[in-house]
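# Attaching a predicted model along with its sequence, questions to come.
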Amino acid sequence: MKKITHTVVSLLLLGPTFASANDISFSIGGGYPYFVIPEVSVASADLSQRWYGNYKIGLDDGFSAGFEQAISDNNKHAIGLLVGALGNREVDTQCDESQNSDELTAAFANAIGCALAEAFDEETTNGIGLSYSYNFSGLNQDGWRLRFELGYGEASSDDNKRVDGGINLSYEF
């Protein structure tokens, strides 16, 4: 899986070499399960394709890179391929509550620590996936974009394989 991921990332990064410097754009968005997603993209010469890289920030974080191709005459609908962070899920964090402490403050601190660990025990799924996006002004145009992602990969901290995905709304500048 890692060799395939590295190969696809290499192709995605080497592919946009024909784009000119003024075809680079920036977008920012958010959604579920990632709350903030800054993104940089490069458009093809005919504006019907784009390559992008983003950093997904939420209860866990990750990077992804992808490619989108417009599938409608008005460039509003696009499908794509992405590698990297697909989504994240809660993992079962075992909290050690077996500490026998005579001090009330130590027991209280342990309870607070367990509650925080339970609230922030998300883990990113890294893999390969497909995307669909609706671009309100057209692909590679300034404006709003709604993107759905779904893919298959493995958890970042163990070898659990799973299907994961997300949704985000972003604005391209």
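Done, it's in.

# When you work out contacts or count neighbours from here on, use the C-alpha atoms and nothing else.
Fine.

# quick one: contacts of the one helix or strand Ser170 maps to?
Following DSSP states H and E, the helix or strand that holds Ser170 is strand 161-172. Contact partners of strand 161-172, identified using CA atoms under 8 Å, 6 or more residues apart in numbering, comprise 25-34, 37, 86-88, 125, 140-155.

# Ok, stretch 135-148 next?
Counting by CA under 8 Å, 6+ apart, 25, 43, 47-50, 70, 74-78, 131-134, 165-173 sit against stretch 135-148.

# in it, what's buried?
Buried positions in stretch 135-148, judged by neighbour count with 16 or more other CA atoms under 10 Å: 135-136, 138-142, 144-148.

# Which of these sits closest to Asp60?
Proximity of these to Asp60 was ranked by CA to CA; the top entry is Phe148 with 18.7 Å.

# The strand holding Ser170: which residues count as buried?
Taking 16+ other CA under 10 Å as the criterion, strand 161-172 shows 163-172 as buried.

# How about stretch 45-64?
Neighbour-count burial for stretch 45-64 [16+ other CA under 10 Å]: 47-64.

# Put the alpha carbons of it into CSV.
Output of stretch 45-64 as CSV, limited to C-alpha atoms (Å, rounded to 0.1, in the frame of the first residue of the first chain):
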residue,chain,number,x,y,z
ALA,A,45,-4.1,24.9,-19.5
ASP,A,46,-7.8,24.3,-20.5
LEU,A,47,-9.0,24.6,-16.9
SER,A,48,-10.8,21.2,-17.1
GLN,A,49,-8.3,19.5,-14.6
ARG,A,50,-6.6,20.4,-11.4
TRP,A,51,-3.9,19.0,-9.1
TYR,A,52,-4.0,19.9,-5.5
GLY,A,53,-2.4,19.4,-2.1
ASN,A,54,-4.0,20.1,1.2
TYR,A,55,-3.5,19.9,5.0
LYS,A,56,-6.5,18.7,6.9
ILE,A,57,-6.8,19.9,10.5
GLY,A,58,-9.3,18.4,13.0
LEU,A,59,-9.1,16.2,16.1
ASP,A,60,-6.3,14.6,14.1
ASP,A,61,-4.5,15.9,11.0
GLY,A,62,-3.0,14.8,7.8
PHE,A,63,-1.9,15.7,4.3
SER,A,64,-3.5,14.6,1.0
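
# what is the mean pLDDT for it?
Computed over stretch 45-64, the mean pLDDT rounds to 93.

# Next: stretch 158-169.
Averaging pLDDT along stretch 158-169 yields 90.

# In this structure, mark out all the helices, start to finish.
Using DSSP state H, the helices found in the chain span residues 2-14, 104-119.
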